[in-house]
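Q: give me a 3D structure for the following:
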Amino acid sequence: MENHKWIFIINPIAGNGYGQEIKSILEKKVAEYNIPAEYVTTERKGHAGELSKKYADLGYKYIIAVGGDGTVNEVFTPIINRKDIISGAIPAGTGNDFIQILGFPNRFTDENWKTFFDLNTKLMDVGHCNGNYFLNGMGLGFDAQVAAENYAEPGVVKEGGKNKYIWHIVKTLLFFKEIKMKIVGGENAGETDCFINTISIGRRFAGGFYLTPKALADDGLLDVCMIKKLNLLQRLKILMQVPKGTHIHDPKVNYYQTPNLQVSFDKEVPYHLDGELFFATEIDVSLLPKALNFIYNPNGEHFFQD
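A: Model (predicted):
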């Protein structure tokens, strides 16, 4: 028999502790809307995915992640292609870039809670890279180095809020050195010195940088923003344009859409999937169309086709 209960998987340390604070608000809203809910709290890295799989196997209909982008990735990776499950995200992290896809803001208002429990849903695409998944996007080059700066050691994120991201961006902007990248196959095949190479489902990264402003999360295509080698002044100019998405008109930017992409490097380089850091010399990216069924805000500025 199908279980119509909800399970809320809460990361208590998300957003410098906001994940714990939001639980009391969540409990009030769940009671207000008469939702048959249960709550579990993550205790370690990887725990969110274990909990998600457990409750999916128990037949729970609604699985909700409460946390930041990393929590969202962990919760929904185990249930990719389980379209019978209704997925939802309540933002409680620092950057909260993924939630923009769904048309919700960084923090829920009373109106947002109502919309959330109205249960409007959309099927969304999921990215696949070297055996792992991303729901918002992945990055090579500058943004991967920013992600690398975000870790004290592998798997351990440095403490600090949004100012932390800004400092890492400034530091990398000044000292990052481009590495030659080989694109394998397709009309963009060849070698290039890449400053940024972002491949995405969504549009926003690092709490406000619209690197792929044309992306739609259900069009069956990855959006690619490839920025060639830049001097410091060119870097500053481009990065000032990125928050509004106008950088894509610069001649140093190659912006296109593709269902897959393969790139290689002469040495191991960092890359990130939804902010999670990895290293490789060869990177193979593809897309799983309409692989998750997400609650979204039809009245918000979502990144879905109409």
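Q: can you tell me how far Thr198 is from Leu261?
A: Distance, Thr198 to Leu261, by CB to CB, to the nearest Å: 11 Å. Heads up, the C-betas are built off the backbone N, CA and C, glycines and all.
Q: pretty sure Thr281 sits against Asp266.
A: Yes. Contact criterion CB atoms under 8 Å: Thr281 and Asp266 qualify, at 7.5 Å.
Q: on that earlier part again, between Thr198 and Leu261, which contacts overlap?
A: Val224 (CB atoms under 8 Å, 6 or more residues apart in numbering).
Q: out of these two, which sits in the busier spot?
A: Thr198 (27 against 23; other CB atoms under 10 Å).
Q: hey, what's the more buried one bridged with?
A: Beta-bridge partners of Thr198, counted by DSSP bridges, are Gly139, Cys225.
Q: for it, which residues are in contact?
A: Contacts of Thr198 (CB under 8 Å, 6+ apart): 137-140, 143, 205, 211-212, 224-226.
Q: can you do 10 Å?
A: By CB atoms under 10 Å, 6 or more residues apart in numbering, Thr198 lies in contact with 137-144, 205, 209, 211-212, 215, 222-227, 242, 255, 272.
Q: likewise Lys53?
A: Neighbouring residues of Lys53 by CB under 10 Å, 6+ apart: 63, 75, 77-79, 82.
Q: how about it, secondary structure?
A: Lys53 carries the three-state label helix when classified by DSSP: H, G, I helix; E, B strand; the rest coil.
Q: and it, what pLDDT?
A: pLDDT, Lys53: 97.
Q: ok so, going back, going by neighbour count, which of the contacts of Lys53 comes out on top?
A: In terms of neighbour count, Val75 stands highest of the contacts of Lys53 at 28 neighbours, by other CB under 10 Å.
Q: so that residue sits in a strand?
A: No. Counting by three-state DSSP, Val75 is located in no strand; its state is helix.
Q: sort out for me which of the contacts of Thr198 are in helices.
A: If you go by DSSP state H, those have 142-144 in helices.
Q: by neighbour count, which of those residues wins?
A: Counting by other CB under 10 Å, top hit in the ones in helices among the contacts of Thr198: Asp143 with 28 neighbours.
Q: what sits against the closest residue to Pro105 other than its chain neighbours?
A: Nearest residue to Pro105, sequence neighbours excluded (CB to CB, 6 or more residues apart in numbering): Asn112, at 6.7 Å. Contacts for Asn112 were tallied using CB under 10 Å, 6+ apart; they are 29, 90-91, 99, 103-105, 297, 300.
Q: before we move on, back to that, ok, so of the contacts of Lys53, who is nearest Asp250?
A: Of all the contacts of Lys53, Thr77 has the smallest distance to Asp250: 34.3 Å, by CB to CB.
Q: quick one: that closest one from Glu50, how far?
A: As judged by CB to CB, Thr77 and Glu50 stand 11 Å apart.
Q: what do those two both touch?
A: Common neighbours of Thr77 and Glu50, counting by CB under 10 Å, 6+ apart, are absent.
Q: buried residues, the longest strand seen in the chain. List them.
A: Longest strand of the chain, by residue count under DSSP state E: strand 276-295. Neighbour counts over strand 276-295 (16 or more other CB atoms under 10 Å) mark 276-278, 280, 283, 285, 287, 291-295 as buried.
Q: then stretch 4-12?
A: Across stretch 4-12, burial judged by 16+ other CB under 10 Å covers 6-12.
Q: now, the residues you listed that are in strands?
A: Among the buried residues of stretch 4-12, the members found in strands (DSSP E) are 6-10.
Q: show me where the chain dips below the pLDDT cut-off.
A: Along the chain, segments meeting pLDDT under 70 span 1-3, 150-165.
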